[in-house]
Structures are given as C-alpha cells and as structure tokens.
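A.B. asks: Return a 3D structure for these sequence lines:
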Amino acid sequence: QVQLVESGGGLVQAGGSLRLSCAASGRTFSRSTMAWFRQAQGKEREFVAAMSWSGANTDYADSVKGRFTISRDNAKNTVYLQMNSLKPEDTAVYYCASVWRPYNSVSKAGPDYDYWGQGTQVTVSS
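C.D. replies: Residues are numbered from 1 along each chain as shown. Sure thing, here's the model as predicted:
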C-alpha cells in the first residue's frame, strides 16, 4: 500500500510562485511514475505534469509548460512541483498520483494511476 501526502499549497498573488511537495510511503517509490493533477471547482480533473522513476522522461500539460517544473528525490521518497508565474486559472486542488512502473514511461491519463493523495489547495488571486 502506498500513501501520498501533499503539502505546500496556499494563497498567492498572480505572478508568484509556490512549490508543492508529495511525500510517499512504501518501498516502490523509486520505481514509480509520479504525476500531478489538478481539479478546479466545477471542472473535471486534469493532468498537470508527470515524471518517470529515473527522471529521464517528463511530460507537461500545454497550459503549464515553461512555468511549472516537476522533480523528484528518490532518496526522500518525494516528488515536487515548482510553480512559477502563477495565474488565476491555476487555482485548483492539486493531487499527487503514483503508479508502479519500472520502465521509463509517463502517462497523462488519471486511470493509469493507482494511488492518490488527498490534495492541496492552490489559490491564485488576481
């Protein structure tokens, strides 16, 4: 069983930055693809970013490319999402997700992920 706990959300002005963290329990983190998704109020969950277990492969939603960066520290069982140049439309609950995947691939599809965190709220004011 894997548990994911997100932190780092909060209220920030447009143009500001936040760094989200997701701490994972369990022994499979170092061979798991990790991803961030978000869900704005009244909207469907959407993919934000993903990284393969080694960091060799990453993928981003077009809406965050050039502004957000996903990274991971396998020694700390933690994945991060650095969010810069935040916009009001980035306001959402951000979720961390994982799937055991020992080959270096990533997925944008939510159903491909087995474990999810409880989410952390990010609010960007204009």
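A.B. asks: Quick check: chain neighbours aside, which residue is closest to the residue minimising distance to the centre of the chain?
C.D. replies: Geometric centre of the chain, nearest residue: Trp36, 2.2 Å, by Cα atoms, centre = their mean. Of all residues not flanking Trp36 in the chain, Val48 sits nearest, at 4.2 Å (Cβ to Cβ, 6 or more residues apart in numbering). (Each C-beta comes from the backbone N, C-alpha and C, glycine too.)
A.B. asks: Look at that neighbour and say how many residues are nearby.
C.D. replies: The number of residues packed around Val48, counting by other Cβ atoms under 10 Å, is 24.
A.B. asks: Identify all contacting residues around the helix or strand hosting it.
C.D. replies: With elements taken from DSSP states H and E, the one containing Val48 is strand 46-51. By Cβ atoms under 8 Å, 6 or more residues apart in numbering, the surrounding residues in contact with strand 46-51 are 33-39, 57-61, 64, 68-72, 79, 81, 94, 106-110.
A.B. asks: Out of those, which end up buried?
C.D. replies: For the contacts of strand 46-51, a burial check counting by 16 or more other Cβ atoms under 10 Å picks out 33-38, 59-61, 64, 68-70, 72, 79, 81, 94, 106-107, 110.
A.B. asks: ok so the residue nearest to the centre of the chain is a helix residue?
C.D. replies: No: read with DSSP: H, G, I helix; E, B strand; the rest coil, Trp36 is strand and lies in no helix.
A.B. asks: From Gly117, how far out is it?
C.D. replies: Going from Trp36 to Gly117 by Cβ to Cβ, to the nearest Å gives 10 Å.
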